[in-house]
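[1] next come a sequence and a model predicted from it.
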Number of protein chains: 2
Amino acid sequence: MTVDLEIICVGNELLIGKTLNTNAFWMGKQATTLGANVKRITVVQDIVEEIAKVIREAVKRNPQFIVTSGGLGPTFDDKTLEGVATAFNCKLEVNQKALAMVKEKYIEYTKKRNLPQGEMTLARVKMATLPEKTEPIQNPVGTAPAVRLDLNGTVLFALPGVPSEMEAIFTQTIEPLLKEAVGDRLFCEKSMFLKDIMESQLAPLIDVVMAANVGVYIKSHPLGAENKPHIEIHLTTAGKHEDKPEEMLTKAMRQLASLVEENGGKAVAEK
Amino acid sequence: MTVDLEIICVGNELLIGKTLNTNAFWMGKQATTLGANVKRITVVQDIVEEIAKVIREAVKRNPQFIVTSGGLGPTFDDKTLEGVATAFNCKLEVNQKALAMVKEKYIEYTKKRNLPQGEMTLARVKMATLPEKTEPIQNPVGTAPAVRLDLNGTVLFALPGVPSEMEAIFTQTIEPLLKEAVGDRLFCEKSMFLKDIMESQLAPLIDVVMAANVGVYIKSHPLGAENKPHIEIHLTTAGKHEDKPEEMLTKAMRQLASLVEENGGKAVAEK
């Protein structure tokens, strides 16, 4: 079964070229490696209505999973949960489980530094204020809990934007669910590098090899280097163990390498 | 006037965690620095119907500019122009200006290498096959021309995905248009780094400084380092020259630094 997943990243910093979106890259790689089909990545501003719109649009496309990252912290610009509440027209309320998680983190932090243990300020309670019907998920690295919301056919996760926190929660909570949903499906990839051939000469050769190897997807990536191998060939497939996807890729790669050499090019294993 | 811009990146490699989306980062930074408002980044698979849907959705939001990158090359998976044609229900046709551009590049390439000058194969003609009513734009670095399409209130540019090609065309063709559309509007940013303060303590201080400095946007970014400054404060604003946006930021930054120090934290200029 194909398991579709969409990624939504919330944060002006990703739109203004302040922060490179390594979170989407990391999640895309993890989900793909586990056999899921990453359909779309959307990056949106810290504006409640925009976040709500993007989430509603994603839900309409009906993927099994939606994962958001960013916007769960204590500051005014952390608006993802308000966006989720707006998207589904539900209330935000202090969640007692989430509150206990935030308190515990905060006590740990102040103890460690011998600081007086201050009160649960508004900013701290904000991190425990969740849309109704959502479940908080313990953040093993930082303070803000993540959130799970089960919709009709779609599970939505809202993760923090700090990479170490996002990665820990993705690994602990989302990976097992993805594995179960995907079942026996392996994703495989291989690369080879070409020189002395133009992409336009290569195009019909790829068509031939793809027609002869159904299920193998072959992309050429120009590397922009003139005198070194200047095209990367990236072969991917996903299939059951018994279909031996790894062998399928090896076979297709060898066929393409022969055709490239017949056409005056050279195929090498490395850049 | 606010000039909205949306970025659409086409390519499975960006969704499966093969390629980090440095194109969106680069374009986001350029457009923001020129004073434009980057509203959204969408990354989409190499599927004609998906590309068409994403473009149609973006056009409905009515930004002044939409810039796509990727999917203009000669191989089967380069589907952006088919997506554009599908989005606006128009035909694809060989564009004579584009064909001349592709031919010229190809003759140059073969001459340089003393190769026989082969025919204009289907793959080469594909790069010159554009949706009706679009204008080809010379690619100063690679072969595939970029494309401009003027819609009602929105100008759409389709750029290649190879970074050096995308950057060259963006700089030559899109930057002057953005500058003209934006007019007298400067984007400014400043950073300072904090230690010995939690983000939840900082949140109300940011609220105070933002209320006192209308137009200044202050984001805190946890850096995840325990013993070094662990929060970056990023201040941004955009305004006319005469509003002295640079000075606005300096003033707000000094106010926030004082409040941080009053609350036991330390503000420093560098990480």
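    Sure thing, it's come through.

[2] now stretch A:80-92: buried residues?
    Judged by neighbour count using 16 or more other CB atoms under 10 Å in any protein chain shown, the buried positions of stretch A:80-92 are A:80, A:81, A:82, A:83, A:84, A:85, A:86, A:87, A:88, A:92. In short, each C-beta sits where N, CA and C put it, glycine included.

[3] quick one, grab the pLDDT at the fourth one.
    Each residue has a pLDDT score; the one for residue A:83 is 98.

[4] could I get the phi/psi values of residue A:67?
    phi -120, psi 120 (degrees, to the nearest 10).

[5] for residue A:169, see how far away it is.
    Residue A:67 sits at a distance of 10 Å from residue A:169 (criterion: CB to CB, to the nearest Å).

[6] give the residues shared as contacts by these two.
    Residues touching both residue A:67 and residue A:169 (CB atoms under 8 Å, 6 or more residues apart in numbering or on different chains): A:157, A:159.

[7] circling back to that earlier point, filter the buried residues of stretch A:80-92 down to just the ones in helices.
    If you go by DSSP state H, those have A:80, A:81, A:82, A:83, A:84, A:85, A:86, A:87 in helices.

[8] distance to chain B added to those, as JSON lines?
    Shown next, in JSON lines, are these (distance: CB to the nearest CB, whole Å):
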{"residue": "A:80", "distance to chain B": "14"}
{"residue": "A:81", "distance to chain B": "15"}
{"residue": "A:82", "distance to chain B": "15"}
{"residue": "A:83", "distance to chain B": "14"}
{"residue": "A:84", "distance to chain B": "18"}
{"residue": "A:85", "distance to chain B": "19"}
{"residue": "A:86", "distance to chain B": "17"}
{"residue": "A:87", "distance to chain B": "16"}
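
[9] which among those gets closest to residue A:161?
    Taking CB to CB as the measure, residue A:161 lies nearest residue A:80 of these, at 8.8 Å.

[10] so the residue lying closest to that closest one once chain neighbours are set aside versus chain B, what's the distance?
    Of all residues beyond its chain neighbours, the one nearest residue A:80 is residue A:71 (3.2 Å), with distances taken as CB to CB, 6 or more residues apart in numbering or on different chains. Separation of residue A:71 from chain B (CB to the nearest CB, to the nearest Å) stands at 11 Å.

[11] which segments of chain A make up each domain?
    Chain A breaks down into these domains under automatic domain parsing: A:4-182, A:186-268.

[12] which one of these is the most hemmed in?
    Highest mean neighbour count of the domains of chain A: domain A:4-182, a mean of 20 (counted as mean count of other CB atoms under 10 Å in any protein chain shown).

[13] so which residues of the stretch 151-271 of chain A form strands?
    A:155-159, A:186-195, A:217-222, A:231-239, A:266-268 (DSSP state E, counting those that start in this stretch).

[14] parallel or antiparallel, which strands does the longest one pair with?
    Using DSSP bridges, the neighbouring strands of strand A:186-195 in the sheet come out as strand A:231-239 (antiparallel), strand A:266-268 (antiparallel).

[15] run through who's touching that strand.
    With CB under 8 Å, 6+ apart as the contact definition, strand A:186-195 has outside contacts at A:32-35, A:202, A:223, A:228-241, A:245-246, A:248-250, A:253, A:256-257, A:260, A:265-271, B:18.

[16] what mean pLDDT does that strand get?
    Mean predicted lDDT for strand A:186-195 stands at 94.

[17] from the chain's centre, how far out does that strand sit?
    The chain centroid and the centroid of strand A:186-195 are separated by 21 Å under CA atoms, centre = their mean, to the nearest Å.

[18] also the first one?
    Its chain's average C-alpha position is 11 Å from that of strand A:155-159, according to CA atoms, centre = their mean.

[19] next, the angle from that strand to helix A:80-87.
    With axes from the mean of the first three to the mean of the last three CA atoms, to 10 degrees applied, the angle from strand A:155-159 to helix A:80-87 works out at 150 degrees.

[20] which residues sit against strand A:155-159?
    A:55, A:59, A:64-69, A:71-72, A:80-81, A:84, A:137, A:146-150, A:165-166, A:169-170, A:173-174, A:177.

[21] in chain A, which spans are helices?
    A:12-15, A:22-33, A:48-60, A:80-87, A:96-112, A:122-126, A:163-169, A:175-182, A:199-212, A:245-262.

[22] by contact count, what packs against the fourth one?
    In terms of contacts (3 or more CB pairs under 8 Å, 6 or more residues apart in numbering or on different chains; DSSP states H and E), helix A:80-87 is packed against helix A:48-60, strand A:92-94, strand A:129-131, strand A:146-150, strand A:155-159.

[23] got the CA coordinates for it in CSV?
    C-alpha atoms of helix A:80-87 as CSV (Å, rounded to 0.1, in the frame of the first residue of the first chain):
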residue,chain,number,x,y,z
THR,A,80,1.1,26.4,14.9
LEU,A,81,-1.3,25.2,17.5
GLU,A,82,-3.5,28.2,17.1
GLY,A,83,-3.4,27.4,13.3
VAL,A,84,-4.4,23.8,14.0
ALA,A,85,-7.3,25.0,16.2
THR,A,86,-8.4,27.5,13.6
ALA,A,87,-8.2,24.9,10.8
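
[24] low-confidence stretches in the stretch 1-150 of chain A?
    Scanning the stretch 1-150 of chain A for pLDDT under 70 picks out nothing.

[25] ok, 80 please
    A:1, A:113-118 (pLDDT under 80).
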